[in-house]
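Q: prediction below, plus the sequence it came from.
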Amino acid sequence: MQGVLTGFAVIAVVIGVGYVLGRGGHLGEQGREVLTRLAFHVASPALLFTTLAQADLSVVFSDRLLVTALSTAAVMGVFIAVGVARRWGVGRTTIGALCSGYVNSGNLGIPIAVYVLGDASLVAPVLLFQLVALAPLALTVLDVAGGDGKGPLWRRLLTPLRNPIAVGALSGVAVAASGLTVPGPVMDPLELIGDMSVPAVLLAFGISLCGSAMPLRGADRPPVLLAVALKSVGQPTVAWALAAGVFGLRGAQLLDVVVTSALPTAQNIFTYASAYRVGERLARDAVLVSTVVAVPVLVGVAAVLG
C-alpha cells in the first residue's frame, strides 16, 4: 500500500509546484508551451533512447507483453468504435483512445513496481510495448490526420521517422538489439537531458490547471467518462481475465499484470495532445480523474491479489 501512496504523492507534489508557478506567472504566458515543446522534442526522446538502449528486449516475448497488448487493444478498440459512432473526429478519438489504454508506466509505474511488486523491471513489458509500438503508431495517426493528406505515399509512410518521440524510441531499440554499448561521453549528456522529461511534463500539466474549468464538464464530459471507465475498470478487468483465464498466470505474475494495467493515464498523453493541439482538455481531464480514481483501484487490487 505504501508504494501506491508514495508514487501518487511524488506526482501530486510536482504537479502542485507547476500549479503554483502558473498562478504566479513565474514562467510567463508561454511557460507551459515551452515546457511541452522541451519535453516532446528534446527531453522525452532522450529519455526513451537511454531507457530502451539499455533494456533487455527478451521481455518483448513474455506472456506479460501479450496480456498488455491484448488488454490495451481491447479498451482502445471500444473507445475508437464509440468515437467513430459519435463522430468525435480522428485526432480527438486518437487522444481519447490513448487515454483509455496508455498507462503511466514511468514516473508512477516504476515506484509502484518497486514498493508493491518488489521489482522495477516488471513494468518493462508495458513500457516497451507503449514506447516501441503504441506511441509511434498513435503519433503517426495524429501526424497524418493533422496534415493536408497530400504528398507522395513514401513520405507519408515515413511519418514515424520524422517524429522525435518515435525516433528516440526506435533508435534505442535498435541499439539494444545490436548489442552495442553507447560510450559514456555520449550516453551521460543524453541521460542528463532525459532526466528533464518527467518533471517538465508534470510541471506543464500543473500549469494547465490554472484558470481551467472543473473536469467532467462541457462537451468533453462523455469522452472523458468513457476513457476513465475503460482505463480504471475495463483495462485491469480484461487483463485479469486474460492473464488468469487464457495464460494461466497466478500469484505474483497475476498481480503484476493487473497492477500495471490499473495504472492511470500517462501524463505523456497531455503532452501529445498539446503538441498536436487536439483533445487537450480531454487529455488533461482524463489524466487528472484517472489518477484520482487509480488510488482506490490500486489499493483494492493489491489487497485482493497481493
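A: Okay, I see it. Residues are numbered from 1 along each chain as shown.
Q: can you give me the distance of residue 44 to residue 89?
A: According to CB to CB, to the nearest Å, residue 44 and residue 89 sit 25 Å apart. To be clear about C-beta, it is placed using only N, CA and C from the backbone, and glycine gets the same treatment.
Q: so these two - more neighbours on which side?
A: A count of neighbours by other CB atoms under 10 Å puts residue 44 above the other of residue 44 and residue 89, at 28 against 15.
Q: find the least confident helix or strand in the chain, judged by mean pLDDT.
A: Here the helix or strand of the chain ranked lowest by mean pLDDT, DSSP states H and E is helix 153-157, holding a mean of 55.
Q: which other helices and strands contact the helix or strand just after that one?
A: Using DSSP states H and E, the helix or strand that follows helix 153-157 in sequence is helix 164-178. On a contact count with 3 or more CB pairs under 8 Å, 6 or more residues apart in numbering; DSSP states H and E, helix 164-178 meets helix 44-53, helix 135-146.
Q: helices or strands up against the first one?
A: What that stands for is helix 44-53. Contacts defined by 3+ CB pairs under 8 Å, 6+ apart place helix 44-53 against helix 164-178, helix 184-194, helix 197-208.
Q: would you point to the one among these that's packed deepest?
A: Neighbour counts (mean count of other CB atoms under 10 Å) averaged over each of the helices and strands packed on helix 44-53 peak at helix 197-208, with a mean of 25.
Q: what's the angle from it to helix 164-178?
A: Counting by axes from the mean of the first three to the mean of the last three CA atoms, to 10 degrees, helix 197-208 lies at 160 degrees to helix 164-178.
Q: picking that back up, so which of the helices and strands packed on helix 164-178 is nearest residue 5?
A: Between residue 5 and the helices and strands packed on helix 164-178, the shortest gap by CB to CB is with helix 44-53, which sits at 25.0 Å.
Q: ok now that closest one, how far from the chain's centre?
A: Relative to its chain's centre, helix 44-53 lies at 14 Å (CA atoms, centre = their mean, to the nearest Å).
Q: can you tell me what sits against it?
A: 127-128, 131-132, 164-165, 167-169, 171-173, 175-176, 182, 187, 190-191, 193-195, 197-198, 201, 268, 271 (CB atoms under 8 Å, 6 or more residues apart in numbering).
Q: just checking, next helix/strand downstream of the helix or strand harbouring residue 240?
A: Residue 240 belongs to helix 235-241 when elements are defined using DSSP H and E. Downstream of helix 235-241, the next assigned helix or strand under DSSP H and E is helix 251-261.
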